[in-house]
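Pasted the sequence and its predicted model underneath.
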Amino acid sequence: MAQHNTHEGEEAAPDEGTLFGVVPPQPAGSHDAASPAPSTGEAPYAMRISRLTVDKLGIKMYDRVSAVLAEVIANAYDADAENVQVSLPWGVFLAAKPGAAPVGPYEISIKDDGHGMTAAEVNSNYLTVGSDRRKRFGKDSSRDKDRPVMGRKGIGKLAPFGICETVEVITAGGLKTDNGYEVAHLILSLNDILDDTDTVYHPTPGSLNGSWSAEHGTTIKLRDFRRKKVPTGQELHRQLSARFGIQRMDWNVELCNTEEMLIPESLHLGELEIDILDDTKMILDDRCVETESGEKLPISGWLAYTRKPYKDEAMAGIRIFSRGKIVAQTRDFMIGSGFHGEYSIRSYLVGEIHAEWLDQNEDLIRSDRQDIIWSSEVGDALKRWGQAVIRELAKRGKTALAKQTWTDFEKASSLGTRLEEEAPGDKQYQESVKQAARLLVTDRDRESVSNPEHVEKIVQLAKTIGPHKSLLEALHEVSEVSDSPLDIVLGLFQKARIAEMYSLGQVAAERIEVVNRLQTLIENGRTLEQPLQELLEQAPWLLAPEWTPLGMNESLERVRKSFEVWYHKREGVSLVTSAINRHRREPDFVLLHDSGTLWIVEIKRMNYHLTDQEYLRAVNYLSDLDTFLNENPTLGHQFPIRKLTFIADHIDRLSSVSISSMHNDRRIAIRGWHELLDDTLRAHRDFLARVESVRSDTGTAQPEDADEDDSSSGYGEPA
């Protein structure tokens, strides 16, 4: 920040009275900078604005400290500032809880060395709310440095009222005279602005109004805060760095901690540091977004995988910039589920995209400048472009992610050392076990292989599968076509505890026993919900092979209990989400899960006709689950996808509205019991045929043999 100079022969006054090197008007007064100037009988500043405008565009739209600072910093950039100094207390609440001891009083100051404003410019520019600055000035670049300006809608100046009641503006600009630059000093009070919606509001002139400054620039001071939390220094740096995508030699933003008086702390806004996984970065500079009308729009930036999933929202997902300022952040461009590498994309994807055309001719950015109007032609084209790039990255990144996960697994499990100790010199056995383990962790995220219990189960499963050539070949085939080979294998093995029992015959017998039990319950025709709920909760692989992830039981139980407590506090009624060990109460629904997905499963008895009331209640449960997980991101980030499945035989009593709702929401599905049984038989028939061939030690049976006759699958009689 440039030093503020006084006129020759004058003594420098303290900073609070000499912002921008201000020289008080003669004769010198003793007013504080925040005090009103002596009245001249005429109000020098005027602002006409409705209460609704301030409420909707200031208080409601900007309710985070970082969002407010970003708007003020952006204004400094547009004013050709080279240095911006943001001074505020880090890591504190700016106001106390009602009835608690007071805190502070705190102040936030944003000081820049931009071209500043004269009193006339304050009235015509700063106090004019909602006018397009680019039309007003006839250009979309800054006055002196020709920077592409970030501001457009003229409402960012209201942002401070999202966190405070008082905004003080001290600015010096215009032509330099022998005395320097004339100072405009005004104080805006939210209470006074909201007092009357029909009359012109006159901000109070400050004590420095009409004085002179040796330097041009602007200082914005914020006081009288609502209860808002200032992040820690590092968090604030990340949040602000994520909002700006500009790197210039003539642009420096310093964040200063006013709470650390003895050893001043400060950080300089810079490029966001992201830990990118090797060999996953895609440069996008040579790719264009093409609209339906054939227009090709340039893009620059990159996408990549991170080494670890980011829990910080500022770091996760793809940030989209226009003119150096963030205009949207997306996890996945609203891509649907079911594509190759879906879980990895939703957990590890990061990126930075620059699209200047989003803020040029047609205004395609939402008023709070935090999202794009995706329903527009250009917004839709960008969405389709992004989804295509994401699918490409998912395929390219699978190998790099699997390589890093395997490295982590080898280190966590000490697999090589253990195999050498257990079977010294037996290289064939060691390699077969390693091959099985590598295939089993192909789809795992890095956090999962840091769980010792999870790692140990994979080791034991690999040691069981590895020596059996037929099973190893089957596992390899699965890994080639599936995103979740481990989940599929566990869907076949885990409930039988093969890692502990080392008995394929026992595995097959237990697997057949469970399927036979399901078949008996369904064929009975009068089975009630409770036995079906318990069976599916104990063996969710009956619904789908991927519904049995390893090492996630504790996470699911924590979500279950926390959601029940949260729901009881909000609704005043108890909710039951499990059939196991809850025999005294029938569950409202059963919660099941896959890696990254949480299912509400509403189970009805055989031949039951689902009603509109039951359908709507379950849909509301899904909405409540969404709300709960979004309010608790520590749990929510583990399950970014939430779904609802009904197991019911008849839907003829559902209204057309409910049917339409089901068809239009991909998260909702309805399956009948006989359909479920057929799917289960088909999913596990080939596996059991392969197990039978291993048990008989013939090694000749192939999956195709079982396709010729369904009766050969072995169901109905334990192996």
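Happy to help now that I have it.

how close does Glu531 sit to Ala394?
One thing to correct before we go on: residue 531 is Pro, not Glu. Distance, Pro531 to Ala394, using CB to CB, to the nearest Å: 40 Å. No exception for glycine: its C-beta is placed from N, CA and C like everyone else's.

neighbour count winner among these two?
Per other CB atoms under 10 Å, whichever of Pro531 and Ala394 has more neighbours is Ala394, with 23 against 14.

helix, strand or coil for the more buried one?
Under DSSP: H, G, I helix; E, B strand; the rest coil, the three-state class of Ala394 is helix.

Let me see the contact set for the closest residue to Ala43 other than its chain neighbours.
Distances taken as CB to CB, 6 or more residues apart in numbering place His202 nearest to Ala43, at 4.0 Å, with adjacent residues excluded. His202 sits next to 43, 45-47 when contact means CB atoms under 8 Å, 6 or more residues apart in numbering.

Now list the buried members of those residues.
45, 47 (16 or more other CB atoms under 10 Å).

Let me know how buried the spatially closest residue to Asn179 that is not a sequence neighbour is, in neighbour terms.
Leaving aside its sequence neighbours, Asn179 sits nearest to Trp212 (CB to CB, 6+ apart; 4.1 Å). Neighbour count of Trp212, defined by other CB under 10 Å: 22.

One more: Ala412?
A count of nearby residues for Ala412, using other CB under 10 Å, gives 18.

Show me which residues of the one helix or strand it maps to are buried.
Per DSSP states H and E: Ala412 is located in helix 377-413. Neighbour-count burial for helix 377-413, with 16+ other CB under 10 Å as criterion, is recorded at 378-379, 381-387, 389-391, 393-394, 396-398, 400-402, 404-406, 408-410, 412-413.

And for stretch 160-178?
Neighbour-count burial for stretch 160-178 [16+ other CB under 10 Å]: 160-174.

now do stretch 223-237
Buried residues in stretch 223-237 (16+ other CB under 10 Å): 223-225, 228, 230-231, 233, 235-237.

swap in stretch 455-468?
Buried, per 16+ other CB under 10 Å, within stretch 455-468: 455, 457-459, 461-466, 468.

Please convert those residues to TSV, extending it with distance to Ser347 and pLDDT.
Formatted as TSV, the buried residues of stretch 455-468 follow (distance: CB to CB, whole Å; pLDDT from 0 to 100):
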residue	distance to Ser347	pLDDT
Val455	19	87
Lys457	21	82
Ile458	19	84
Val459	24	87
Leu461	23	79
Ala462	24	83
Lys463	28	82
Thr464	29	75
Ile465	26	72
Gly466	28	72
His468	32	66
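
low pLDDT regions in the stretch 151-300 of the chain?
The model of the stretch 151-300 of the chain has pLDDT under 70 over residues 151-155, 196-198, 261-263.

repeat that for 90
Applying pLDDT under 90 to the stretch 151-300 of the chain flags the ranges 151-159, 161-162, 190-202, 234, 238-239, 241-249, 259-266, 269-280, 286, 291-294.

just so I have it, where are all the strands in it?
Under the criterion DSSP state E, counting those that start in this stretch, the stretch 151-300 of the chain contains strands at 164-177, 180-189, 204-205, 212-213, 217-225, 252-257, 265-268, 282-283, 288-290, 296-298, 300-305.

Nearest approach to Asn607 belongs to which of those?
Checking the strands of the stretch 151-300 of the chain against Asn607 by CB to CB gives strand 300-305 as the closest, at 48.0 Å.

Pairing partners for the closest one, with directions?
Sheet pairing of strand 300-305 (DSSP bridges) gives strand 282-283 (antiparallel), strand 349-354 (antiparallel).

need the next SSE after it, C-terminal direction.
Heading C-terminal from strand 300-305 (DSSP H and E), you reach strand 317-322.

Sheet-wise, list the partners of that next one with their directions.
Sheet pairing of strand 317-322 (DSSP bridges) gives strand 325-330 (antiparallel), strand 349-354 (parallel).

If you compare the directions of that strand and helix 377-413, what angle comes out?
Taking axes from the mean of the first three to the mean of the last three CA atoms, to 10 degrees, one finds strand 317-322 and helix 377-413 inclined to each other by 150 degrees.

my guess is Val122 contacts Gly173, does it?
No - judged on CB atoms under 8 Å, Val122 makes no contact with Gly173 at a distance of 9.1 Å.

what do the two both touch?
By CB under 8 Å, 6+ apart, Val122 and Gly173 have these common neighbours: Ala184.

May I have the distance across stretch 414-429, first residue to last?
16 Å (CA to CA, to the nearest Å).

buried set for that stretch?
So stretch 414-429, judged by 16+ other CB under 10 Å, has buried residues 415, 419.

now Arg642: how far from Val657?
Arg642 is 22 Å from Val657, where distance means CB to CB.

Which one's more surrounded, those two?
Just comparing Arg642 and Val657: by other CB under 10 Å the higher neighbour count belongs to Arg642, 19 against 11.

Quick check: the gap between that one and Glu235.
In terms of CB to CB, Arg642 sits 27 Å off from Glu235.

hey, what's the closest residue to Lys221 other than its chain neighbours bridged with?
On the basis of CB to CB, 6+ apart, the spatially nearest residue to Lys221 that is not a chain neighbour turns out to be Glu168, at 4.0 Å. In this entry, Glu168 is beta-bridged to Ile187, Lys221, by DSSP bridges.

So what are the structural domains in the chain, by residue number?
44-268, 282-399, 400-500, 525-671 (automatic domain parsing).

Out of those, which gets the lowest mean score?
Lowest mean pLDDT of the domains of the chain: domain 400-500, a mean of 73.

Burial check on Gln613, number of neighbours?
Residues near Gln613, counting by other CB under 10 Å, number 10.

all numbers from here: first residue = 50
Yep, numbering from 50; the last one is Gln662 now.

Could you list every helix and strand in contact with the helix or strand containing it?
If you go by DSSP H and E, Gln662 is part of helix 661-680. Other elements packing on helix 661-680 under the criterion 3 or more CB pairs under 8 Å, 6 or more residues apart in numbering; DSSP states H and E are helix 602-620, strand 646-652, helix 682-685, strand 690-696, helix 705-713.
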